[in-house]
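Participant: Need a 3D model of the following:
(one chain, ligands or ions: 1)
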Amino acid sequence: MSSPDATPHGATEPAPGISAIGDDPWSIPNLTDPYPLFERMRDAGPAVWLEQYGVHAFTRFESMRELLVDHETFISSAGVGPTNLHITPNWRPQGILESDPPRHTPMRTAMTTVIAPRKMRQLRPGFDAYAGELTSALLGAGPLDLVHDVAEEFTLRVFGDAVGIGREGRRENLLSHGAMNFSYFGPDNDLHRQHVEAGAGTPEWVLANCERSVLTPDGMGAQMWELADAGLIPPEQATLLIRAMLSAGLDTTVFAITNTLLLLAQHPEQWAKVHADPSLMKFAIDEALRYESPFTSFFRTTSRDVELDGVQLPAGSKLVVFLGAANRDPRRWGDTADRFDIDRDTGGQLAFGMGIHQCVGQPISRQESQALLEELARRVESIELTSEPTLYLHNTLRSWSSVPARLTAA
Ligand code: HEM
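Facilitator: Model prediction:
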């Protein structure tokens with residue numbers, strides 16, 4: 001079947017042998033605790049057909065890995081949300097995440113040039129200094145919120161400074177801007193509309209702050225403009241790429257830090273390990289990324305008829321991958337998949353994706369989380385949760401919006 005514009009519209013029913021389920025992975029109960037449904041979806045077969053949405057969903061580790069590395073078949077330019085952007089144009093110009101080669105290639109090269117691991121290591125002393133300052137303030141402060149006072153406070157400061165944007169207005173704009181953008185990668189439901197409403201006005205603030213004239217001369221933003229001067233990317237793409245850093249880089253890192261701290265607070269014996277040897281923190285961060293993956297689902301579209309793990313998909317089919325489910329798949333992680341264990345080998349975990357779109361911001365995100373969490377591991381004897389954490393409800397992101405706690409100095 002093809003549409004008048006010759007764009008195939010893909011699967012309209014479950015592939016042969018694939019079960020249809022009526023469950024909604026984006027309902028509030030399933031977002032609150034997605035893991036029982038993820039288990040049923042994984043056990044139902046290599047994919048399930050989500051009746052409410054008319055798409056196949058992939059939840060097993062191996063097939064997801066295979067799917068993500070095959071960017072020619074499972075494309076991103078038709079959008080990484082449920083809307084097929086080859087049929088319905090996007091609400092804003094498509095950036096690096098929603099592109100395929102050859103358009104993707106220079107954008108990716110520009111990003112990897114600016115966020116090169118070597119350059120990010122040079123930012124580390126500045127991150128360490130602020131981690132020290134913040135930890136001193138936190139230890140003198142009494143009860144606090146691990147989200148607002150720790151993860152957000154640190155990331156807004158060091159990431160915003162690394163990009164080179166002004167300090168005023170960051171908290172009011174950047175978090176809700178990121179949340180709104182990520183929300184478009186999930187379905188159009190009440191929760192999505194709440195995040196869009198909360199993000200109203202923030203795109204204008206972000207675009208104004210990507211302007212060359214307002215960026216600090218040595219930040220990642222200014223370096224992106226230099227690549228445009230050198231002809232690697234057209235000038236209009238410099239704005240898009242700085243915007244991509246600000247959209248994709250803030251909330252995700254805040255959530256990675258929050259999730260790691262909460263899990264370590266809930267497992268005091270594992271906090272004792274990182275306190276005794278803070279160099280173990282990088283393993284704790286990776287295990288937290290596996291166990292509670294911050295960016296939990298997104299879509300692809302098939303560019304041709306294909307069979308993946310026995311699932312036959314016609315060209316033009318939207319499908320959704322749940323990274324959070326693959327990262328708990330016992331077929332990959334064994335019987336202890338549902339256990340948080342910082343001694344586990346997390347090699348290959350999918351929280352940063354896989355293939356040509358694999359997170360380009362990893363080097364800075366890792367330097368930020370390690371700087372803060374290693375400092376806390378050194379100087380905090382224990383973390384006591386003082387009341388129930390509040391879950392952060394979002395269609396594609398998983399974390400907590402408040403984690404009240406008390407830190408005891410070492
Ligand atoms: C722990 C924190 C982070 C997580 C869990 C995360 C997760 C991801 C994932 C899963 C993807 C792949 C999406 C896909 O395949 O469609 C991705 C791509 C991307 N991330 Fe991150 N991310 C994090 C931090 C960051 C940071 C700090 C930045 C910015 C500096 C960033 C910028 C990007 C960009 C620009 C892409 C698109 C890359 C491409 O399409 O080539 N991310 N991220």
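
Participant: What are the boundaries of the strands in the stretch 201-350 of the chain?
Facilitator: 297-302, 306-308, 311-313, 318-322 (DSSP state E, counting those that start in this stretch).

Participant: right, so of those strands, which gets closest to the ligand?
Facilitator: strand 297-302 (5.1 Å; C-beta to the nearest ligand atom). Glycine gets a C-beta too; all of them are placed from N, C-alpha and C.

Participant: mind listing what the closest residue to the ligand within the chain touches?
Facilitator: With C-beta to the nearest ligand atom, the shortest gap between the chain and the ligand falls at G361, namely 2.0 Å. If a contact means C-beta atoms under 8 Å, 6 or more residues apart in numbering, then G361 has I115, M245, A248, G249, T252, T253 as its contacts.

Participant: One more pass at 10 Å, please.
Facilitator: 111, 115, 120, 159, 244-245, 248-250, 252-253, 352, 368 (C-beta atoms under 10 Å, 6 or more residues apart in numbering).

Participant: out of those residues, which touch the ligand?
Facilitator: M111, I115, A244, M245, A248, G249, T252, T253, F352 (C-beta under 6 Å from any ligand atom).

Participant: would CSV of the residues you listed with pLDDT be doable?
Facilitator: Formatted as CSV, the ones next to the ligand among the contacts of G361 follow (pLDDT from 0 to 100):
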residue, pLDDT
M111, 98
I115, 98
A244, 95
M245, 97
A248, 96
G249, 96
T252, 98
T253, 98
F352, 98
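
Participant: Y130: which of these is nearest?
Facilitator: For these, the residue nearest Y130 by C-beta to C-beta is T253; the value is 14.0 Å.

Participant: Could you pick out which of the ones next to the ligand among the contacts of G361 are located in helices?
Facilitator: M111, A244, M245, A248, G249, T252, T253 (DSSP state H).

Participant: Of those residues, just say which sits nearest to A377.
Facilitator: Nearest member of those to A377, counting by C-beta to C-beta, is T253, at 17.5 Å.

Participant: Report the contact partners of that closest one.
Facilitator: 151-152, 154-155, 158-159, 178, 294, 361, 364-366, 368-369, 372.

Participant: Now do the same for the residue of the chain closest to the ligand: its pLDDT.
Facilitator: On the pLDDT scale, G361 is placed at 98.

Participant: before we move on, what about the one 5 residues further on?
Facilitator: Here, the pLDDT recorded for R366 equals 98.

Participant: Burial check on it, number of neighbours?
Facilitator: A total of 19 residues lie near R366 under the criterion other C-beta atoms under 10 Å.

Participant: So which elements touch the helix or strand encompassing it?
Facilitator: According to DSSP states H and E, R366 maps onto helix 362-379. Applying 3 or more C-beta pairs under 10 Å, 6 or more residues apart in numbering; DSSP states H and E, we find helix 362-379 packed against helix 117-139, helix 153-163, helix 235-266, helix 268-276, helix 281-291, strand 404-409.

Participant: any chance of these in JSON lines, plus distance to W333?
Facilitator: Listed next are the helices and strands packed on helix 362-379 as JSON lines, based on distance: least, C-beta to C-beta, whole Å:
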{"stretch": "helix 117-139", "distance to W333": "27"}
{"stretch": "helix 153-163", "distance to W333": "28"}
{"stretch": "helix 235-266", "distance to W333": "16"}
{"stretch": "helix 268-276", "distance to W333": "17"}
{"stretch": "helix 281-291", "distance to W333": "8"}
{"stretch": "strand 404-409", "distance to W333": "28"}
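
Participant: so who does the closest residue to A141 other than its chain neighbours touch?
Facilitator: Nearest residue to A141 in three dimensions, chain neighbours excluded: D149, at 7.4 Å (C-beta to C-beta, 6 or more residues apart in numbering). Counting by C-beta under 10 Å, 6+ apart, D149 makes contact with L134, A137, L138, A141, P143, V403, P404, A405.

Participant: Write a ChimeraX command that selects only the buried members of the residues you listed.
Facilitator: Listed next is the ChimeraX selection for buried residues among these, using 16 or more other C-beta atoms under 10 Å:
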select :134,138,403,404,405
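
Participant: from the contacts of D149, which has minimum pLDDT?
Facilitator: Among the contacts of D149, pLDDT bottoms out at A141, giving 86.

Participant: That residue: what's it in contact with?
Facilitator: With C-beta under 10 Å, 6+ apart, A141 has these contacts: D149, R406, L407.

Participant: Q367 now?
Facilitator: P117, M120, R121, Q122, L123, R124, G126, F127, D128, V158, A162.
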